[in-house]
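>>> take this sequence and fold it.
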Amino acid sequence: MSTQMAREIAEQPEAVRRTLAALEPRREAIAALMEGRRRVLFAARGSSDNAAIYGRYLLETHAGVPGGLVSPSVATHYGSRLDLSDSIVVCVSQSGATEEVVATQTWARTCGAATIAVANVAGSPLVADADLALVTEAGPEVAVPATKTYLTQLVAMAMIGTALAPEPTALDAELDRVADEVELLLTVPVDVTVEALRDAAYAVVSGRGLMMGTALETALKLEETCLRPVRGYSYADLRHGPISVVTEGMAAVLVAAPNGPLLAPMVELAGDLATRGATVIGIGGNAAFAGACAVHVPGPDLPEELAPLGAIVPAQLIVEGLAVALGLDPDSPRGLAKVTSTDPHS
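Take a look at the predicted model:
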């Protein structure tokens, strides 16, 4: 029987189309909010944090705007007073009700920042308290693992990154193809990949640059939904030392864009991991990348700037398939709730 998670994964093409239609007209407002400011900071937790990582990379590589991540505990526990008068702080929460993120947004304003809320619930506290709200149009999400809400957050990140770029419409033709690419990727077979991960004793997931958030989100979903020990690494961090523990019996999931300056290093990493005995599972990339992997799942035919909006879809299918194969309920993973509370007393 189809799971709720699978049904919500299948709803993503329309969710993307609705969100693009709703948020593209907000570009001018985003640009206006940025006037007199020089950087954009993101505050989020969990999957939303992984979407924010993509937003940061897109701002710095495409728009030429400095970006960064705010640690919510700096606001909620340390109560630090920072001068954020030169900043926009983007607070990201699927529900718009995560108390720590809402509190961080209030703190950011008291520190002089302009605020943008990204949430999937129009009447949420985060949206109500922001200077500008980007409300995604994923529709209600019942399964606990974020799928369509995460992807529509990536659309919101793309809107911020393009709105602040020298040519805001430069990627519009490719943005208009995202929903169609997602639709194509829903038909990608993942059975062999599921089998490879099921047989692995341990897994690592890696990506780099614009694909870093996708790698971390894939690792998070495998760990939360499939209850498997998984570590997410940037390419650079994995190379720096942890690669030495990669051995026979491990699975290495690599996510890559079909082009860009980091594709060749990802091909090289796939070959290196294979020589160390790992079963290398590739998502996306090009023909050379596919050839370096023991198992390969196609990714989107999108430029590197937008590849994360498609590449997460095969990863979601793999996670849902693996959870079912392990006899787990992907709709309600153990110990997780839809609205997160970082501190038990909150």
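
>>> after whichever strand or helix holds residue 239, next one along is what?
Here residue 239, judged by DSSP states H and E, is contained in helix 235-240. Next in sequence after helix 235-240, counting helices and strands by DSSP H and E, comes strand 250-256.

>>> quick one: strands adjacent to that next one?
strand 202-207 (parallel), strand 279-284 (parallel) (DSSP bridges).

>>> show me what counts as buried in it.
Within strand 250-256, the residues that qualify as buried are 250-256, counting by 16 or more other C-beta atoms under 10 Å. Every residue, glycine included, has its C-beta placed from N, CA and C.

>>> cool, stretch 119-131 as well?
Result for stretch 119-131 [16+ other C-beta under 10 Å]: buried residues 119-121, 124-127, 129-130.

>>> among those residues, which ones are in helices?
125-127 (DSSP state H).

>>> which one of the residues you listed sits closest to residue 216?
Minimum distance to residue 216 across those is 22.0 Å, recorded for residue 126 (C-beta to C-beta).

>>> contacting residues around the closest one?
By C-beta atoms under 8 Å, 6 or more residues apart in numbering, the contact set of residue 126 is 91, 93, 96-98, 101-102, 105, 117, 119.

>>> now which of those would you call buried?
91, 93, 96-98, 101-102, 105, 117, 119.

>>> with pLDDT added, can I get these in JSON lines?
Putting those into JSON lines (pLDDT from 0 to 100) gives the following:
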{"residue": "91", "pLDDT": "98"}
{"residue": "93", "pLDDT": "97"}
{"residue": "96", "pLDDT": "97"}
{"residue": "97", "pLDDT": "96"}
{"residue": "98", "pLDDT": "95"}
{"residue": "101", "pLDDT": "97"}
{"residue": "102", "pLDDT": "97"}
{"residue": "105", "pLDDT": "98"}
{"residue": "117", "pLDDT": "98"}
{"residue": "119", "pLDDT": "98"}
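
>>> of all those residues, which comes closest to residue 56?
Closest to residue 56 out of the buried ones among the contacts of residue 126 is residue 91 (13.8 Å), distances taken as C-beta to C-beta.

>>> let's verify the closest one: helix, strand, or coil?
strand (DSSP: H, G, I helix; E, B strand; the rest coil).
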